[in-house]
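1. this one's sequence-less:
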């Protein structure tokens, strides 16, 4: 998980480079190899091999101590429609009543695929057919990609998920092939697609366009546009893995679809949606609500300076990206400091960012949002879907603290928030009775995240592997918040964007 050869039994998981995503994978790995279910909360509180081994030993002695966080997600009964998840519900309403929001929550991908043989047109046609079939199999595997959201007249017009069968989905799939003269025209086509507005009631939440560039005789370009309501950052990796696997399998044997090398899916997104609503109830829900209401009692809205004299009355999601990069020496020193203080690199950088915000706003009570994967059950590890949740971090800057004490206090804040990450952000907004304001987001206006980008880790000389092609979104860049800081670790260098 950490790509480290030697780890001591008392080494801190986070100081070695662990983060919230890796801790979910650690939980899943422990379950897969030892059949022991440890909650994310357990692992945040027990950050060394020594402590985790004691936890496993105690659980094996007393099976009743298993955390109810890992209650099994079971298949729900077949029905004509299914409940929405909390996240789906909020995002659907947001996109229904704000066309700018609908466009802002599009997730684009551009794949570059090596042509099998440019000189044999039949081979190219066959390759295109394989690509199409791979997408059809992907949609067959993941029900969320063939799901409509609309009112169910049989259930008091409640908004529900309607899952199309495979034939209906194939007929409805927006899949087109186009030819462009050059890269400039390709970029122009992509800009138009970035701004596409999905009608989630009547069309699938993804569009696919296959492009041939007359100036590039070696590659096919495949553009995929997801709506966020069916996909998140973790899903991106699942999507590429599954699509690549189907593509490889079809290249070897187009007729035999047995023994495809993919994990079995015991459940689908609809099963998670029902489980989430049943799980987040009663004492468990009340405990989470109590934690967050206490934590955010009397919080201050961050007073960021704006470019205009007054704040626009309506948030329109228009934005720009500014990129930065730290040199290798600075990056390594920051990692060493995090390790010495037994905190994650995320907590260290968040500490610095919060001090910067304090300087800009003249506030010492800083509210920042950050996304969490929210995949705390091993059953959903291989699902495409909208699982991500936003949590609120409250950083209080105490001038009496030493710098080290301040950084450790921020680390404690991050860990406690992660432990209580399961309360849906939309439910928190409801419980806090936040007054709706079309000019800003509820609770926080600034987001901070460590974002390991969607990277194809295959060898460059493997011509059959899909490559992620960078997309120039400068002309259609969106901003979901007043300010978002995204940090990436890459090749020993810390990079990021504002």
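-> Nice, thanks for sending it over. Computed from a predicted model, the values in this text were never measured in an experiment.
2. just checking, what packs against the strand or helix carrying residue 368?
-> Assigned by DSSP states H and E, residue 368 falls within strand 365-372. Applying 3 or more CB pairs under 8 Å, 6 or more residues apart in numbering; DSSP states H and E, one finds that strand 365-372 makes contact with helix 345-361, strand 389-396, strand 446-450. Using the backbone N, CA and C atoms, a C-beta is placed for each residue, glycine as well.
3. do you know which of these lies nearest residue 412?
-> helix 345-361 (8.7 Å; CB to CB).
4. Show me what the closest one is in contact with.
-> 14, 17, 19-20, 302-305, 334-335, 337-338, 341, 363-364, 366, 368, 393, 395, 397, 406-407, 410-411, 414, 446, 448, 450, 485, 487, 489, 494 (CB atoms under 8 Å, 6 or more residues apart in numbering).
5. In strands, which of those fall?
-> 366, 368, 393, 395, 446, 448, 450, 485, 487, 489, 494 (DSSP state E).
6. Contact partners for the closest residue to the fifth one other than its chain neighbours?
-> It refers to residue 446. Distances taken as CB to CB, 6 or more residues apart in numbering put residue 483 closest to residue 446, at 4.7 Å, once the chain neighbours are dropped. By CB under 8 Å, 6+ apart, the contact list for residue 483 reads 304, 445, 446, 447, 498.
7. Ok, residue 22 next?
-> 1, 2, 13 are the contacts of residue 22 under CB under 8 Å, 6+ apart.
8. tell me which element it falls in.
-> helix 20-34.
9. what's around residue 203, how many residues?
-> Neighbourhood size, residue 203 [other CB atoms under 10 Å]: 14.
10. just the strands in the stretch 201-350 of the chain please.
-> 206-213, 219-227, 323-325 (DSSP state E, counting those that start in this stretch).
11. Worst mean pLDDT among those?
-> Among the strands of the stretch 201-350 of the chain, strand 323-325 carries the lowest mean pLDDT, a mean of 92.
12. Could you dump the ones in strands among the contacts of helix 345-361 into TSV and include neighbour count?
-> As requested, those are exported to TSV (neighbours: other CB atoms under 10 Å):
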residue	neighbour count
366	24
368	23
393	23
395	22
446	22
448	24
450	21
485	22
487	20
489	18
494	21
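13. And these, which two are furthest apart?
-> 366 and 489 (23.5 Å).
14. Please spell out which residues along the helix or strand of the chain with the lowest mean pLDDT are buried.
-> One helix or strand of the chain scores below all others by mean pLDDT, DSSP states H and E: helix 20-34, with a mean of 74. For helix 20-34, the neighbour count (16 or more other CB atoms under 10 Å) marks 20, 21, 22, 23, 24, 25, 26, 27, 28, 30, 31 as buried.
15. contacting residues for residue 407?
-> Neighbours of residue 407 in contact, by CB under 8 Å, 6+ apart: 341, 343, 347, 348, 351.
16. Let me have those residues in JSON lines, adding neighbour count, pLDDT and distance to residue 170 as columns.
-> Below are the contacts of residue 407 laid out as JSON lines (neighbours: other CB atoms under 10 Å; pLDDT from 0 to 100; distance: CB to CB, whole Å):
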{"residue": "341", "neighbour count": "20", "pLDDT": "90", "distance to residue 170": "54"}
{"residue": "343", "neighbour count": "24", "pLDDT": "88", "distance to residue 170": "50"}
{"residue": "347", "neighbour count": "23", "pLDDT": "93", "distance to residue 170": "47"}
{"residue": "348", "neighbour count": "19", "pLDDT": "95", "distance to residue 170": "49"}
{"residue": "351", "neighbour count": "23", "pLDDT": "97", "distance to residue 170": "51"}
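17. any idea which of these is the one closest to residue 385?
-> residue 347 (28.2 Å).
18. what separates residue 433 from residue 163, distance-wise?
-> Separation of residue 433 from residue 163 (CB to CB, to the nearest Å) stands at 35 Å.
19. neighbour count winner among those two?
-> residue 163 (21 against 6).
20. Could you pull up the residues touching the more buried one?
-> So residue 163 contacts 82, 143, 146, 147, 270 (CB under 8 Å, 6+ apart).
21. same thing with residue 166?
-> With CB under 8 Å, 6+ apart, residue 166 has these contacts: 136, 139, 140, 146.
22. Kindly indicate which of the residues you listed lies nearest residue 88.
-> residue 146 (14.8 Å).
23. What about the residue nearest to that closest one when sequence neighbours are not counted, how many residues nearby?
-> Leaving aside its sequence neighbours, residue 146 sits nearest to residue 169 (CB to CB, 6+ apart; 3.6 Å). Applying other CB under 10 Å, we find 19 other residues in the vicinity of residue 169.
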